[in-house]
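# next come a sequence and a model predicted from it.
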Amino acid sequence: MKGQARRVLRHYAPYQNNLQSCFPVHDLRWSVWASPGHQAILTPSEMIYVIMGVSGCGKTTLGAYLSHKLGWPLHEGDDFHPRENVEKMARGEPLTDQDRLPWLLKLHDVIQRERSSGGDAIMVCSALRRLYRQVLLFGSEALTYSSDTAGLHMCSLPGVWFLFLYGTYDLIHARMVARRGHFMQPGLLRSQFDVLEPPAEEENALLLDIRRSTDDICREIQEHLRQLS
Ligand SMILES: Nc1ncnc2c1ncn2[C@@H]1O[C@H](COP(=O)(O)OP(=O)(O)O)[C@@H](O)[C@H]1O
Ligand SMILES: O=C(O)[C@H](O)[C@@H](O)[C@H](O)[C@H](O)COP(=O)(O)O
């Protein structure tokens with residue numbers, strides 16, 4: 001059995017009797033896995049790490065480092081923003097939910113492609129709100145659930161983990177001011193914190209303190225990967 005299949009089996013073992021009610025069955029591979037008696041036919045994606053957090057928390061830096069260390073492809077979320085979004089942020093205006101939705105749907109497609117091809121991958125995406133993370137995982141279906149059912153049913157997907165880089169406003173602001181040649185203005189950081197909803201445990205999230213070096217953070221992620229294997 002491949003490493004990820006083992007990881008997924010172990011992670012979801014406690015839920016095996018309840019899979020059908022816990023997860024939407026729009027994902028063909030997942031519905032096969034969720035069908036009673038078919039647990040052995042598991043062909044999920046390998047691991048996808050989504051590095052998330054407010055602007056300036058170190059997502060791009062960690063993404064490049066981790067990609068190099070693990071030899072996994074890197075998808076940089078900023079590259080998928082439409083020009084209008086980048087121009088808006090460069091003018092010092094925060095994005096709205098409406099601005100972000102098409103961008104998140106594109107990133108969902110990337111995640112789906114990676115899951116279908118069964119490869120490991122890293123994605124960098126601010127993913128500030130819980131709903132944004134649900135759109136990353138479930139696409140437009142995440143928008144059709146009421147907030148009650150979304151909270152209950154749409155928290156995570158096997159093999160997709162959020163790496164949440166957290167730190168104080170002051171530390172991140174100082175790093176943004178020192179950063180050169182980036183379109184994002186430090187003045188937008190407050191709005192990023194206002195929108196941020198830190199991920200809950202049931203979302204498959206690993207919380208990483210950004211006061212540590214990139215290498216230290218990377219080691220913790222590699223340890224996480226080992227524990228899931
Ligand atoms: N662990 C770290 N320790 C110190 N500085 C860091 C760390 N991670 C990133 N930085 C610096 O902080 C700034 C913001 O990092 P960046 O990766 O661009 O953040 P983001 O992609 O989240 O906007 C950069 O100048 C980067 O060099
Ligand atoms: O959802 C958003 O408001 C944006 O995605 C934002 O969070 C992102 O951070 C910018 O694109 C700037 O890029 P950096 O995160 O690299 O600063």
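Perfect, thanks for sending it. What you see is a predicted model, and the numbers here were worked out from it, not measured in a lab. Ligands and ions are numbered 1, 2, ... in the order given.
# report the central residue of this structure.
V50 (3.1 Å; C-alpha atoms, centre = their mean).
# that one pairs with what?
Note on V50: beta-bridge partners by DSSP bridges are M123, F162.
# confidence score at E201?
Per-residue pLDDT puts E201 at 89.
# can you check C218 too?
So, for C218, pLDDT stands at 98.
# would you mind measuring from it to T144?
37 Å (C-beta to C-beta, to the nearest Å). From N, CA and C alone the C-beta is placed, and that goes for glycine too.
# what's the answer for F80, then?
23 Å.
# the two: which has the busier surroundings?
The residue with more neighbours, out of F80 and T144, is F80; 18 against 10, by other C-beta atoms under 10 Å.
# dump the residue contacts of that one.
Contact partners of F80, counting by C-beta atoms under 8 Å, 6 or more residues apart in numbering, are W103, K106, L107, V110.
# show me what from this structure comes close to ligand 2.
Within reach of ligand 2 by C-beta under 6 Å from any ligand atom, the chain has these residues: 55-56, 59-60, 78, 81, 89, 95, 100, 126, 128, 184, 192.
# tell me which element the closest residue to G53 other than its chain neighbours falls in.
Distance criterion C-beta to C-beta, 6 or more residues apart in numbering; nearest residue to G53, sequence neighbours excluded, is L165 at 3.9 Å. Secondary structure assignment for L165, by DSSP states H and E: strand 160-166.
# and that strand, which residues are buried?
Buried residues in strand 160-166, counted by 16 or more other C-beta atoms under 10 Å: V160, W161, F162, L163, F164, L165, Y166.
# just give me the closest of those residues to ligand 2.
Of all those, L165 has the smallest distance to ligand 2: 10.2 Å, by C-beta to the nearest ligand atom.
# residues touching that closest one, list them.
Counted by C-beta under 8 Å, 6+ apart, L165 has contacts I51, M52, G53, C57, G58, K59, L62, L208, I210, I217.
# pull the most distant pair out of those residues.
Maximum pairwise distance in these, criterion C-beta to C-beta, is 13.3 Å, between M52 and I217.
# more crowded one of these two?
The residue with more neighbours, out of M52 and I217, is M52; 26 against 23, by other C-beta under 10 Å.
# can you count the residues close to the residue lying closest to that one once chain neighbours are set aside?
Distance criterion C-beta to C-beta, 6+ apart; nearest residue to M52, sequence neighbours excluded, is A127 at 3.9 Å. For A127, the count of nearby residues is 29 (other C-beta under 10 Å).
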